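Student: Sequence below, structure please.
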Amino acid sequence: MNIFKLAFELFIIYLVYKLIFDFIIPIYHTTRHVKNKMSEMQQRMQEQEEMQQRQHTSQTNPLKTTGAAQPVADDYIEFEEIK
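Tutor: Here you go, the predicted model:
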């Protein structure tokens, strides 16, 4: 009977080994990989948003600083009132 008990214990140890190395460890690595990729993607999105905000502010600021809102003498058409 000792041989059957030993075989059963070895079989249980084998199943635990397979569970850990073929299931739990790969899931851990996959989860860590997905987490890293998600954080990289969020970081890229934040950088893109910052770049868009910079472009938006750089497009609006030159108009204010150069005075482009004021009419240029060449663009002015004289108006005569008709009676």
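Student: pLDDT on stretch 30-48, on average?
Tutor: Average pLDDT, stretch 30-48: 96.
Student: And it, how far out from the chain middle?
Tutor: Mean-position distance between stretch 30-48 and its chain equals 5 Å (C-alpha atoms, centre = their mean, to the nearest Å).
Student: try stretch 7-22
Tutor: When distances are taken as C-alpha atoms, centre = their mean, stretch 7-22 is centred 40 Å away from the chain's centroid.
Student: Next, the contact list for Ala7, please.
Tutor: If you count contacts by C-beta atoms under 8 Å, 6 or more residues apart in numbering, Ala7 has none. Any C-beta I mention is one placed from the backbone N, CA and C, and that applies to glycine too.
Student: so which helix or strand takes in it?
Tutor: helix 2-19 (DSSP states H and E).
Student: Can you name the next helix or strand after that helix?
Tutor: Heading C-terminal from helix 2-19 (DSSP H and E), you reach helix 25-66.
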